[in-house]
Each structure stands twice: as C-alpha cells, then as structure tokens.
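In: Got a sequence here, can you build the structure:
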Amino acid sequence: MSEVATEEKKTLNLREIAKRLGVNYETARRWANMKRLPVFKFNGVGRWRAYEEDIDAYLEKHKNEAATWAGS
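Out: As a prediction, the model looks like this:
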C-alpha cells in the first residue's frame, strides 16, 4: 500500500490578505463579497480565507494596479 503525500497549502485570513494587497481591511472585505478576490469560506460558512499562492498570483496579475492600491 503506497502513501500519497499531501501538501498543506498555507491560508491567509482577510486581515493578512488586506495587508499583502496594501489596502484597508474593509476594502478587502468588500472586494471579497464582490468576488473580486480569489477567496473562499470553509464549508461555505465562516470567515473569508485565501490560499497564499492564489493571492501571490493575483498580485502578480494585477501588479500595475497594486501600486495605486497602496497609494504609491
């Protein structure tokens, strides 16, 4: 019997997502509710979460916009 190694993906909460994006928590919450961010809720309930790699990919895709989000 062979064992399959499963890799745990690191998740971020909404405050961590907001900090990474350089936006206010309320802005990140609004974007999550609008489905503008790659976020999910465990079992469809609870608080917004996102996989770290998904947020990194989102930032890479939107890097030109990210400078204006942070006020640069």
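In: What ranges does the protein have for its helices?
Out: 14-21, 25-33, 52-61, 63-69 (DSSP state H).
In: Highest mean neighbour count out of those helices?
Out: helix 14-21 (a mean of 18; mean count of other C-beta atoms under 10 Å). In this view, the C-beta of every residue, glycine as well, is placed from N, C-alpha and C.
In: so what pLDDT did the residue lying closest to N24 once chain neighbours are set aside get?
Out: Distances taken as C-beta to C-beta, 6 or more residues apart in numbering place A18 nearest to N24, at 6.5 Å, with adjacent residues excluded. pLDDT for A18: 96.
In: which residues touch N13?
Out: For N13, the contact set (C-beta atoms under 8 Å, 6 or more residues apart in numbering) comprises 47-49.
In: what ranges of the protein fall below the confidence cut-off?
Out: Residues of the chain meeting the criterion pLDDT under 70: 1-6, 66-72.
In: Contacts only, for D54.
Out: Here D54 is in contact with P38 (C-beta under 8 Å, 6+ apart).
In: So it versus N13, what's the distance?
Out: For D54, the distance to N13 equals 14 Å [C-beta to C-beta, to the nearest Å].
In: do E53 as well
Out: 15 Å.
In: do R47 as well
Out: Distance from R47 to N13, by C-beta to C-beta: 6 Å.
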